[in-house]
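Student: quick one: sequence and predicted model below, then my questions.
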Amino acid sequence: MSKIRIATTSLAGCFGCHMSFLDMDERLVGLLEHVEFNRSPLTDIKHCGPCDIGLVEGGLCNAENVHVLREFRQQCKILIAVGACAINGGVPAMRNHYEVQECLEEAFLHGVGVDNPMIPSDPELPLLLSKVHPLHEVVRVDYYLPGCPPPGDAFFTILSDLLAGKEPSLPKAMLHYD
Amino acid sequence: MSNMFFIDGQEIAFTPGQTIMDAALAAGIYIPHLCHKPGLTPQGSCKLCTVDVDGRSASACTLPATAGMKVDNNTPALQEVRKTLLQMLFVEGNHLCPTCLKSGDCTLQALGYHLGMLDGHFPPFYPLREVDASHPDVLLDRDRCIVCALCVRASREVDGKNVFAIGRRGANARLIVNSPSGKLGDSDLAADDLAAHICPVGAIMPKNHGFEVPIGRRTFDLHSVAESDVATPVTLKKTEHHDE
Ligand code: SF4
Ligand code: SF4
């Protein structure tokens, strides 16, 4: 039987969800008998091929995030919004109280400890969106895995359920927004 | 026999004049609620306690029980409606739980767990609201205020003051402070007033006590808001929504 293909990405997130994914520890070894990774920071593959499951950490803060999210939605049969940022913007959405210009000035001109103050303008840098948004504002999301981050056990549960062809569920005691 | 009514088929006693909510609480039956606290005048604004009374919707916290009344409370349809109300409360404010001191002790969040809420469903408003840090002992962060008016009533009815009020209407309703500058620091709110401690969310918080109990060991990390459903699994797929 061919392996289940999984892609993962971190958009406007902190990679904490990916670290928590790795907290599955030795259970990853067993998992790898049934799954293979496509695009992911774990493989360094740059574009998403056709996949069974896409795990997306982080919300949308720039134009590239939106582009990557659309690629994941096109290529993945099942798309999972992973973590608080993917679900409601999370910590990056704290900047929604301010204009983009104010954020850039604080980070690159007036912030504490800034050397050589200058707002980066390299054309390769993706443009910032005026607000940070959750995934479900742009694409259809199939499953949600709340938590900041969701614990390794939650990743293991959702993937085990999906591999077994079941509707994934968590015990209520494992449902957390923090 | 005459002072009895039914909640989900279970017979409950009430004293004349008692609301459905207070009779249910006395009988140990949980009806979800945010803006109600026994002892304060019922407000009936959060609508989380919506029940079906003889086939019609009503707020359990304001409707007095009457003999023989048949109340539906814990039905899948009502839990879905309550979850939608909760999602509207979340997206109307700025509820970024990982950044919030109240996380783990918050009734709004605990109801999200209780009702299996996975996401906000609606596009978030990300409203711009004012933080008031002018009081030496109490922080007011309007980002998280759900306008339940518990602080308003606690100040008037228990503390014997009149520190808070709700200004404007509908989605623009905001908590306002009764002081010459409109700032909490100029009001007569004291650190041990009930109004400083009654907030069900992280909008009115005592200063300097934020992390005495670590995240993961707080009230609703260890207990369900309903104390009955911790073992129930929650499906990670969103259920169908009223507007779909
Ligand atoms: S008030 Fe409650 S729901 Fe809102 S951010 Fe804080 S913990 Fe979360
Ligand atoms: S500050 Fe808290 S208690 Fe007061 S109205 Fe807002 S949510 Fe309710």
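Tutor: Done, it's in. Everything numeric here is computed off the predicted structure, so don't read it as measured data. Ligands and ions are numbered 1, 2, ... in the order given.
Student: switch to C-alpha atoms for all contacts and neighbour counts from now on
Tutor: Fine.
Student: quick check: pLDDT value at the nearest residue to B:Asp143 once chain neighbours are set aside.
Tutor: The shortest distance from B:Asp143 to any non-neighbouring residue, by C-alpha to C-alpha, 6 or more residues apart in numbering or on different chains, is to B:Asn94 (5.0 Å). On pLDDT, B:Asn94 comes in at 97.
Student: for B:Asn94, what are its contacts?
Tutor: B:125-127, B:143-144 (C-alpha atoms under 8 Å, 6 or more residues apart in numbering or on different chains).
Student: how much space between the residue of chain A positioned farthest from its centre and A:Cys103?
Tutor: Of all residues in chain A, A:Asn116 has its C-alpha farthest from the mean position, at 31.9 Å, by C-alpha atoms, centre = their mean. A:Asn116 sits 17 Å away from A:Cys103, taking C-alpha to C-alpha, to the nearest Å as the criterion.
Student: three-state assignment of A:Leu79?
Tutor: strand (DSSP: H, G, I helix; E, B strand; the rest coil).
Student: show me the contacts for it.
Tutor: Contacts of A:Leu79 (C-alpha under 8 Å, 6+ apart): A:53-56, A:72-73, A:141-143.
Student: helix or strand with the lowest mean pLDDT in chain A?
Tutor: Least confident helix or strand of chain A, by mean pLDDT, DSSP states H and E, is strand A:169-171 with a mean of 92.
Student: may I see the buried residues of that strand?
Tutor: A:169-170 (16 or more other C-alpha atoms under 10 Å in any protein chain shown).
Student: how far does it sit from its chain's centre?
Tutor: 20 Å (C-alpha atoms, centre = their mean, to the nearest Å).
Student: show me what that strand is packed against.
Tutor: helix A:152-163, strand B:233-235 (3 or more C-alpha pairs under 8 Å, 6 or more residues apart in numbering or on different chains; DSSP states H and E).
Student: got a markdown table for the ones you listed, with mean neighbour count and distance to ligand 1 too?
Tutor: Converted to a markdown table, those look like this (neighbours: other C-alpha atoms under 10 Å in any protein chain shown; distance: least, C-alpha to the nearest ligand atom, whole Å):
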| stretch | mean neighbour count | distance to ligand 1 |
| --- | --- | --- |
| helix A:152-163 | 17 | 20 |
| strand B:233-235 | 18 | 19 |
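Student: now, the contacts of A:Leu79 that are in strands?
Tutor: By the criterion of DSSP state E, membership of the contacts of A:Leu79 in strands covers A:53-56, A:143.
Student: with respect to ligand 2, which of those is nearest?
Tutor: A:Tyr143 (29.9 Å; C-alpha to the nearest ligand atom).
Student: do I have it right that that closest one meets A:Ala81?
Tutor: Yes: A:Tyr143 is within contact range of A:Ala81, at 6.3 Å (criterion: C-alpha atoms under 8 Å).
Student: between those two, which has more neighbouring residues?
Tutor: Neighbour count, other C-alpha atoms under 10 Å in any protein chain shown: between A:Tyr143 and A:Ala81, A:Ala81 has more, with 26 against 22.
Student: just the buried ones from the contacts of A:Leu79?
Tutor: Buried among these by 16+ other C-alpha under 10 Å: A:53-56, A:72-73, A:141, A:143.
Student: what number of residues lie near whatever residue of chain A ends up closest to ligand 1?
Tutor: Chain A approaches ligand 1 most closely through A:Tyr177 (7.3 Å), counting by C-alpha to the nearest ligand atom. Applying other C-alpha under 10 Å, we find 27 other residues in the vicinity of A:Tyr177.
Student: just say helix, strand or coil for it.
Tutor: Of the three states, A:Tyr177 takes coil under three-state DSSP.
Student: quick revisit: and the two most separated of the buried ones among the contacts of A:Leu79?
Tutor: A:Phe72 and A:Tyr143 (13.9 Å; C-alpha to C-alpha).
Student: dihedrals phi and psi, A:Asn65?
Tutor: phi -50, psi -40 (degrees, to the nearest 10).
Student: so it touches A:Thr9, yeah?
Tutor: No: at 9.8 Å, A:Asn65 does not count as touching A:Thr9 under the criterion of C-alpha under 8 Å.
Student: any shared contact partners between these two?
Tutor: What both A:Asn65 and A:Thr9 touch, as defined by C-alpha under 8 Å, 6+ apart, is an empty set.
Student: wait, what's in contact with the residue nearest the centre of chain B?
Tutor: For chain B, the residue nearest the mean C-alpha position is B:Leu34 (1.6 Å; C-alpha atoms, centre = their mean). Residues near B:Leu34 by C-alpha under 8 Å, 6+ apart: B:46, B:48, B:107-108, B:148, B:200.
Student: how close does it get to ligand 2?
Tutor: 9 Å (C-alpha to the nearest ligand atom, to the nearest Å).
Student: what of B:Ile204?
Tutor: For B:Ile204, the distance to ligand 2 - C-alpha to the nearest ligand atom - is 5 Å.
Student: number of residues surrounding that residue?
Tutor: 22.
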